[in-house]
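*Asks:* Please find the sequence and the predicted model below.
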Amino acid sequence: MTALRLLALVAVVAALGTAALTLPLGQWLLAGAAWAKGHHYEAAALFVGAYALAAVLVVPGTLLTLAAGFVFGLTFGVVLVSAGSVLGAVAAFVVGRFLARRFIAARIAGRPRFRALDAAARRDGFAIVLLARMSPLLPYSILNYAFGLTSVR
């Protein structure tokens with residue numbers, strides 16, 4: 001890791017830590033939950049959109065998932081998280097397939113592992129995607145882009 005990247009990482013961690021300690025996040029969460037109770041459908045639509053955007057931006061969804069349960073309850077929260085994660089996965093796949101594929105494929109096409117993965121995804125796409133989704137070691141957000149780069153159908 002270069003010194004500049006390390007410095008940027010330290011700055012981001014320091015900014016997030018400072019924000020967590022100084023901003024009234026608990027009050028904002030309670031105010032947001034109160035607003036959501038009065039504007040149930042608008043809050044649900046906003047949440048699904050935010051979750052999808054977080055998936056596209058490769059933001060871990062753990063905190064949003066917990067917030068959905070807190071704000072909307074377990075059953076409706078699961079429905080909203082599922083909708084947001086599917087929309088985000090589709091959006092990231094589309095970005096990977098139609099916007100980034102040519103650029104990235106040209107840079108990694110000569111790598112034998114990528115060619116083997118691409119051929120396997122073309123041949124046994126369902127099994128490859130299913131097995132990758134079941135792995136706790138492969139991040140969901142990254143997989144959405146990665147499968148967009150392959151020729152999986």
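*Replies:* Cool, the structure landed. Numbering: from 1, shown residues only.

*Asks:* List the buried residues of the strand or helix carrying residue 119.
*Replies:* Assigning secondary structure by DSSP states H and E places residue 119 in helix 112-123. The neighbour-count check on helix 112-123 (16 or more other C-beta atoms under 10 Å) flags 114, 117, 118, 121 as buried. For glycine as for every other residue, the C-beta is placed from the backbone atoms N, C-alpha and C.

*Asks:* now residue 93: how far from residue 146?
*Replies:* In this structure, residue 93 and residue 146 are 9 Å apart, going by C-beta to C-beta, to the nearest Å.

*Asks:* same deal with residue 5?
*Replies:* With distances taken as C-beta to C-beta, residue 5 is found 22 Å from residue 146.

*Asks:* secondary structure class for the closest residue to residue 32 other than its chain neighbours?
*Replies:* Among residues not flanking residue 32 along the chain, residue 71 sits closest, at 7.0 Å (C-beta to C-beta, 6 or more residues apart in numbering). Using DSSP: H, G, I helix; E, B strand; the rest coil, the secondary structure recorded for residue 71 is helix.

*Asks:* which residues does residue 71 contact?
*Replies:* Under the criterion of C-beta atoms under 8 Å, 6 or more residues apart in numbering, the neighbours of residue 71 are 32, 33, 36, 43, 47, 77.

*Asks:* Give the rounded mean pLDDT of the strand or helix carrying the last one.
*Replies:* The reference is to residue 77. Using DSSP H and E, residue 77 falls within helix 74-94. The average pLDDT for helix 74-94 rounds to 94.

*Asks:* Touching the helix or strand just after it from outside, list them.
*Replies:* Moving toward the C-terminus from helix 74-94, the first helix or strand encountered (DSSP H and E) is helix 101-108. The list of residues contacting helix 101-108 from outside it, by C-beta under 8 Å, 6+ apart, reads 114, 148, 149.

*Asks:* buried residues in helix 101-108?
*Replies:* Those buried within helix 101-108 under the rule 16+ other C-beta under 10 Å are 101, 104.

*Asks:* Likewise for stretch 52-65?
*Replies:* Those buried within stretch 52-65 under the rule 16+ other C-beta under 10 Å are 52, 54, 55, 56, 61, 64, 65.
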